[in-house]
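S.K.: sequence? don't have it. structure:
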C-alpha cells in the first residue's frame, strides 16, 4: 500500500507540472528498486540460469551495474563493496547480501563481520561455500561496456582466493547483467511516460517565440536555454543538447558534421527547418528525443507542403522499422529487414537505434549505427526481449526541389517493446512544430 501511495503521489505531482523534491524522489527510487530486487531479479536469474551473481566494486570506480543498485542515499559505493545475489529456485527465495561493513540500503544486508573475519575475500569465499552455487556470474563482457564492470585487480584477487572446485563455475554474467539493465518494470514504465512528457514540454517551449526571435537568436542560444531550463527544474541532461538548421542555399552536411561538428551560434531565420537532440535524466531513467520545427515566414501560417511531406517520410520509416520488432530477433536482423523495406518503397533511410533506460546509450540490442548500416557485430547480434525501451533513432534523406538540395529528417522517440507489441512510451512527433505556434 505504501508503494502504491508513493507512485500515485509521483503521478499526481507530475500531472501538476511539478518536479518532486529530493526526499520524495528518493522514496520513488527506493520503491522501484525494492520491486526490482524482489520481483524482477529472481525472474532474470532463472531466465539466464544463474544461481549466484557477484558484483565487486570500489568507491569512485563503480561497476556501472552496481551503480543502478545503490539506494537513493548512496551516491557511490563505500570502500570495496561486494554484492552477492543467491537464487534458490527450489525454495523460490533470493538472498541479497553485501560483503561490506554496511547494509546497502534496506534491500541488501551486510553479511561481513570484520571482527570475526578480517579478510573480506575470505568472508566472500565462505558465503560461496555455504551455498555451493552451480553457476557464478561476474560482470565482464567483450561487447557490452556497461556490463564489463569488474576491474582487473578485483577479478585477479577474487580468482586467486576462490577454491579450485568453483573456478570452472565462474562465467560472464553478461546476459543477466544486460537483462537487469534493459528490463523495465510496470512501475518504471508509468514513470517513463511522464519523463517523456516533460522532455516534450521542454522542447515545445524551446521551439517557441518565448525563446526564439528569428534573425537574432542563435542555435547555441537555444542549446544553452535547454541546459539552463533543465538545471532550473532541478533535473539533469545526460548529454549536451544540439540544435541545428537546414535551409535553402546550403548543402546537406554529412553525418559526421550532423552528429559531432555542428556549427555553433548560427542565427535562426524565417524559413529555416530547425532540429534538436535533447534528453533528460530523472529518477534514474533517461530520455532521448529529436524533433523538428519550422520558422514561419511573415506570410505563412503553416509549413510548406514539401516539408510536411518530407516529415511524413520520416514517420513512415518509423512505422516500417517498429513493425519489424519481434522478440528473439537480433538487432542486426531488424535493421537489415527495415532498411530493405524502406529502400523498396523508394525512401533513403538510416537507422541507428539504441536501448534506453538506466543509461542513455544503454545495454541490449544495438539496431544500427549511423556509420554501420550493414549491421553491428557483437551488440547488434543480441536479441530483442520484452519489457524493454529503445530510443527509436533514425533518419531519411529527402530531395527538396524547391530548395534544390537534399534534407535529412532526423527523428528520435522513446519506444517500448512488450507483450502487446510496440508502442511509443508517450506519443511521437507527427507534425512539424511551428514558430510561432499555429
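M.R.: Structure received. In this text the structure is predicted, and so the values were computed from the model without any measurement.

S.K.: from residue 286, how far out is the residue sitting nearest the centre point of the chain?
M.R.: Closest to where the C-alpha atoms of the chain average out (Cα atoms, centre = their mean) is residue 356, at 2.2 Å. Residue 356 is 6 Å from residue 286, where distance means Cβ to Cβ, to the nearest Å. Every residue, glycine included, has its C-beta placed from N, CA and C.

S.K.: anything in contact with each of the two?
M.R.: Residues touching both residue 356 and residue 286 (Cβ atoms under 8 Å, 6 or more residues apart in numbering) are residue 362.

S.K.: next one: phi and psi at residue 42?
M.R.: phi -60, psi -40 (degrees, to the nearest 10).

S.K.: quick check: most distant residue from the centroid of this protein.
M.R.: Within the chain, counting by Cα atoms, centre = their mean, residue 116 lies farthest from the centre, at 42.5 Å.

S.K.: how far away is it from residue 313?
M.R.: According to Cβ to Cβ, residue 116 and residue 313 sit 68 Å apart.

S.K.: check residue 118 too.
M.R.: Distance from residue 118 to residue 313, by Cβ to Cβ: 67 Å.

S.K.: these two - which one has more neighbours?
M.R.: Per other Cβ atoms under 10 Å, whichever of residue 118 and residue 313 has more neighbours is residue 313, with 19 against 10.

S.K.: can you name the next helix or strand after the strand or helix carrying that one?
M.R.: In this structure, residue 313 is located in helix 305-323 according to DSSP states H and E. Next in sequence after helix 305-323, counting helices and strands by DSSP H and E, comes helix 331-344.

S.K.: how far off helix 331-344 does the helix holding residue 313 point, in degrees?
M.R.: For helix 305-323 against helix 331-344, the angle between stretch directions is 140 degrees (axes from the mean of the first three to the mean of the last three Cα atoms, to 10 degrees).

S.K.: name the helices or strands packed onto helix 305-323?
M.R.: helix 331-344, strand 349-351, strand 388-400, strand 405-418 (3 or more Cβ pairs under 8 Å, 6 or more residues apart in numbering; DSSP states H and E).

S.K.: report all helices and strands that the next helix or strand after the second one contacts.
M.R.: Beyond strand 349-351 on the C-terminal side, the first helix or strand identified by DSSP H and E is strand 354-355. Identification of packing neighbours for strand 354-355 by 3+ Cβ pairs under 8 Å, 6+ apart yields strand 388-400.

S.K.: one more time with 10 Å
M.R.: Here strand 354-355 touches helix 174-182, strand 388-400, going by 3 or more Cβ pairs under 10 Å, 6 or more residues apart in numbering; DSSP states H and E.

S.K.: what angle separates the following helix or strand past the shortest one from strand 405-418?
M.R.: Scanning forward in sequence from helix 174-182, with DSSP H and E defining helices and strands, the next element found is helix 186-206. On the basis of the same axes, to 10 degrees, helix 186-206 is oriented at 160 degrees to strand 405-418.

S.K.: can you pull the buried residues of helix 186-206?
M.R.: For helix 186-206, a neighbour-count test (16 or more other Cβ atoms under 10 Å) marks 187-188, 191-200, 202-203, 206 as buried.

S.K.: now swap in stretch 107-120 and tell me
M.R.: 107, 108, 111, 112, 120.

S.K.: can you check stretch 211-222 too?
M.R.: Result for stretch 211-222 [16+ other Cβ under 10 Å]: buried residues 211, 212, 214, 217, 218, 219, 221, 222.

S.K.: give me the mean pLDDT for it.
M.R.: Computed over stretch 211-222, the mean pLDDT rounds to 97.

S.K.: endpoints of it, how far apart?
M.R.: End-to-end span of stretch 211-222 (Cα to Cα, to the nearest Å): 7 Å.

S.K.: next: stretch 31-51.
M.R.: End-to-end distance for stretch 31-51: 25 Å, by Cα to Cα.

S.K.: do stretch 167-178 as well
M.R.: End residues of stretch 167-178 are separated by 23 Å (Cα to Cα).
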